[in-house]
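1. What follows is a predicted structure for the sequence shown.
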Amino acid sequence: MNATATTFSFKQLAVDFKEITKAGLAVSVVFSSIAGYLLGVADFESLQWTTLLMLAVGGYCMVGASNAFNQVIEKDLDALMDRTKNRPVASGRMAPNRALFAASLLTIVGLVLLYLINPKSAMFGAISIFLYTSVYTPLKTVTPLSVFVGAFPGAIPFMLGWVAATDHFGIEAGTLFLIQFFWQFPHFWAIGWFLYEDYEKAGFFMLPTGKKDSSTALQTILYSVWLLVASLLPCLGYTGKLFISPIAAGIVFLLGLWIIFYAIKLYQLRTAKAARTLMLVSVSYITLLQIVYITDKFLR
C-alpha cells in the first residue's frame, strides 16, 4: 500500500512539475536557444557540448521559473478558465508557497548555469524572467499592450543562444531577437482569438483591440508581413556573421507567405477554427525557419 502511494506521489509530482513549468512550451523555447547557439558557433568543430547542455537546462529552468511564478500570481484567475483551472496551484493540488519555492529554485539554478556560460547570458535570462513575471503578467488584465510587452521576454531565447555561443550581443543577436519578436504577434493573437471567451472569464486582454474584429485580424496580417521582412534580413549582407544563402532565403520567403496566407484567412473568416489553424502554422513556421537557418549554415 505504501509502495503504491509512493509511486503515485512521485508520478503526481512529475505531472505537476511538467504542468507548472509548462514543459511543452519550455522545450520549444529551449529549441530556439539551441538554434541560436548553433547559428552562433563558427563551425561544427567549435561546438561545445557542455555549454549546449548548460544552455538547454538553464534555459528550461528560466522558462519553467517564469511559468511557475505566473501560475502563483494568477492562481485565482486561472481557476476561472477552462484551459487553466486544473493547473497545480489553481486546482489546489500544490500550495502556492511550494510553487514559489520551486520557481525560486529554478531561477537560481537557471541563472547559475547561464552565468557559467557567460555573464551576458545570465543577464538576458534574468531580464526575461523579470519582464515576464513583473511586467507582462500584471498587464494582462489591464491592457492589450501586455502582448507587446510579453513579446520582449518571448523573443530573448533565439538571441540568447547566439550570445551563449559568442559572448557578444550585436547585429546578429539583434536580428534573431527581431525575428522572434515579430513572430509573437500572429502566434499569440491567434491564441487570444480562439480562446477569447475563456480569457474573457478572467478579464485578460489578449487582442490588440480587445475584440475579435477586422482591426485585430488586419494587425495580425501586418505583423506577419513584418515577420517575413525580418526573417529575410540575413540574406541582404547587413547582419554581420548571420547570413543565409539565396536558396535559404527563397524557402524562408515561402514560409513567410504561408503564415501570411493563414493570417489573411483569419481576416476573411474570423472564426475560431481559422485562428487555431494560424496558431498551428505559426508554431510550425518558427521551427522550420530555425531548421532552414541552421541547415543553410552547415551545408553552405
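-> Right, received. Where do you want to start?
2. which residues of the stretch 201-300 of the chain fall in helices?
-> 214-232, 246-269, 272-299 (DSSP state H, counting those that start in this stretch).
3. domain ranges for this structure?
-> 18-167, 170-300 (automatic domain parsing).
4. rewinding a little: so which of the helices of the stretch 201-300 of the chain is nearest Ile191?
-> Evaluated over the helices of the stretch 201-300 of the chain, closeness to Ile191 peaks at helix 272-299, with 5.4 Å, by Cβ to Cβ. Bear in mind the C-beta positions are built from the backbone N, C-alpha and C, glycine included.
5. Please state the offset of the closest one from the chain centre?
-> Helix 272-299 sits 13 Å away from the centroid of its parent chain (Cα atoms, centre = their mean, to the nearest Å).
6. do the same with stretch 188-207
-> 17 Å.
7. cool, stretch 62-74 as well?
-> For stretch 62-74, the distance to the chain centre is 13 Å (Cα atoms, centre = their mean).
8. who touches it?
-> With Cβ atoms under 8 Å, 6 or more residues apart in numbering as the test, stretch 62-74 has contacts from 20-23, 25-26, 29-30, 78, 84, 87-90, 96, 99-100, 102-104, 106-107, 110-111, 114, 125, 128-129, 132-133, 137-138, 140, 153, 157, 202.
9. Quick check: pLDDT value at the nearest residue to Ala79 once chain neighbours are set aside.
-> Counting by Cβ to Cβ, 6 or more residues apart in numbering, Ala79 lies nearest to Ala90, which is 4.5 Å off, once chain neighbours are set aside. Listed pLDDT for Ala90 reads 94.
10. Next up, identify which helix or strand Ala90 is on.
-> Taking DSSP states H and E as the criterion, Ala90 maps to helix 88-91.
11. So which elements touch the following helix or strand past that helix?
-> On the C-terminal side of helix 88-91, the nearest following helix or strand under DSSP H and E is helix 96-117. Applying 3 or more Cβ pairs under 8 Å, 6 or more residues apart in numbering; DSSP states H and E, one finds that helix 96-117 contacts helix 2-20, helix 49-73, helix 88-91, helix 119-130, helix 146-166.
12. Please spell out which residues along the helix or strand just after the second one are buried.
-> If you walk from helix 49-73 toward the C-terminus, the next helix or strand you reach (DSSP H and E) is helix 75-78. Using 16 or more other Cβ atoms under 10 Å as the burial criterion, the residues of helix 75-78 that qualify are Lys75, Leu77, Asp78.
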